[in-house]
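Asks: just need the structure, nothing else, for what follows:
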Amino acid sequence: MPDTPHDIQFPLADFDRSLLPEDQRELLGDSYLQAIREHLIGQFVGQGGAAEVAVTHDRVIIRWKESDKAESLADQGANHLKQGNTDKGIATLRVALERDPADAAALFNLGMSLVEARHVGEALELLERLVAIAPDYPSAWVALGVAQGSFGEIDVAIQSFREGLVRHPQDPFAHKNLGAALSQSGQLDEARDHLKAAVVLLPSDAQAWLNLGMNLEQSGVTAEAETAYQRVITLDPGGHLAEKAEAGRNRITQIKFRNACGALRPDVLTYCGDAIRVFETMPQEEVQRTTLEIAMLGAKGLTVNDPSTKYQLRSLPGDFTGLHLLCIEYVGFKIIDPTVDIGFDISAEYAEACRLRGQPQ
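Replies: Numbers count the residues shown, from 1 in each chain. Reported below is the predicted structural model:
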């Protein structure tokens, strides 16, 4: 079967200069036309066909020969996006839509990539066209809802996610996004059902677990929230989602901490006073060494609500509870860098300890 040629034309004025390398965006005349030609030819390299590109003073003409064995342009564009080549993926998907404005795969992938690139207006237009011509396309309504949510239209997004679930009841991303949107709008109970469904369907999705943890925390279901947050930390070690989960765990720990003894914790007051006393006679370099050693331990997790003395330090003798170490760290940073926030508020106990010792805070 012979190759099938396709001609695509558009006005030169419609070409987006920002697609060119930065040092070519201000070119004029023939140099500008040549830069466009080389850029467009490069977009088709290795795509299972051949492209001829002509650039005149007012038009861009692309003649593309695609073998019957080659994957579709929409698939090629999607693969470029998966490989992180966003510019090439978007350019390829645009060409696919020039050839076939009703290509559902191209509409879906280009719409989603434009949402991620924060071109939400154009993304909405494409995704609204998608659900109009292919309402049962997998995740089409989810993609539209994501775009609507990015535009600040949460209520409209919720309706799109609901429509997605009507058409695809087991779509994990519909559950995930509907749950997040319902949580954002304050509908915590209904949201939780969808978020729990999402983590069953997407057990390795750290964002889904984080959404569930935040919902549970807001709902006061702290034990389950801690479990969800721990799952995030396991799935995304050292990542920004893990940081958010750790912050959530710290908030829950502080609530438990305050609920245990009311306003001022006598044990924390004692620990802070002892740390102030020890650090008073210690050179600043040693204070820093001890404080940073505890901070490193804290990065791995200190069990603040466990009364057992299971921690040791190289820089100080003795066995310590997690709460004791946290108090030493807090006092240490007050000495070496008061701007540091360790993520745990014992400022009231620290202030009282300073007052009792006659020291400024």
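Asks: list the buried residues of the longest helix anywhere in the chain.
Replies: Ranked by residue count and defined by DSSP state H, the top helix of the chain is helix 240-261. Neighbour-count burial for helix 240-261, counted by 16 or more other C-beta atoms under 10 Å, picks out 241, 242, 244, 245, 246, 248, 249, 250, 252, 253, 257. All C-beta atoms are positioned from the backbone trio N, CA, C, and that covers glycine.
Asks: confidence-wise, which of these comes last?
Replies: Lowest-confidence member of those: residue 257, scoring 74 (pLDDT).
Asks: residues contacting it?
Replies: Applying C-beta atoms under 8 Å, 6 or more residues apart in numbering, one finds that residue 257 lies in contact with 265, 304, 305, 323.
Asks: which of the residues you listed sits closest to residue 351?
Replies: Checking those against residue 351 by C-beta to C-beta gives residue 265 as the nearest, at 12.9 Å.
Asks: isn't the closest one right up against residue 349?
Replies: Yes - in terms of C-beta atoms under 8 Å, residue 265 counts as a neighbour of residue 349; the distance is 5.9 Å.
Asks: who has more neighbours, these two?
Replies: With other C-beta atoms under 10 Å as the criterion, residue 265 and residue 349 differ in neighbour count, and residue 349 comes out ahead with 22 against 19.
Asks: look up the closest residue to the more buried one, ignoring the ones flanking it.
Replies: Taking C-beta to C-beta, 6 or more residues apart in numbering, and ignoring the residues beside it in sequence, residue 349 has residue 268 as its nearest neighbour in space, at 4.2 Å.
Asks: for the one you found, which residues are in contact?
Replies: Under the criterion of C-beta under 8 Å, 6+ apart, the neighbours of residue 268 are 323, 327, 346, 349.
Asks: tell me the contacts of the third one?
Replies: To tie it back to what came earlier, the one meant is residue 346. With the criterion set at C-beta under 8 Å, 6+ apart, residue 346 makes contact with 265, 268, 272, 326, 327, 330.
Asks: give me the low-pLDDT residue ranges for the stretch 151-300 of the chain?
Replies: Judged against pLDDT under 70, the low-scoring parts of the stretch 151-300 of the chain cover residues 260-262.
Asks: if you set the cut-off to 90 instead, what comes out?
Replies: By pLDDT under 90, the low-scoring segments of the stretch 151-300 of the chain are 151-152, 222, 238, 243, 246-247, 249-267, 297-300.
Asks: quick one, helices of it?
Replies: In order along the chain, the stretch 151-300 of the chain carries the following helices (DSSP state H, counting those that start in this stretch): 154-167, 172-184, 188-201, 206-218, 222-235, 240-261, 266-280, 284-300.
Asks: possible to save those as CSV with distance to residue 121?
Replies: Supplementary listing: the helices of the stretch 151-300 of the chain in CSV, determined by distance: least, C-beta to C-beta, whole Å:
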stretch, distance to residue 121
helix 154-167, 15
helix 172-184, 20
helix 188-201, 28
helix 206-218, 25
helix 222-235, 32
helix 240-261, 27
helix 266-280, 52
helix 284-300, 42
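Asks: for residue 124, find the nearest of those helices.
Replies: helix 154-167 (10.2 Å).
Asks: got the buried residues for the closest one?
Replies: Residues of helix 154-167 classed as buried under the neighbour-count rule (16+ other C-beta under 10 Å) are 157, 158, 159, 160, 161, 162, 163, 164, 165, 167.
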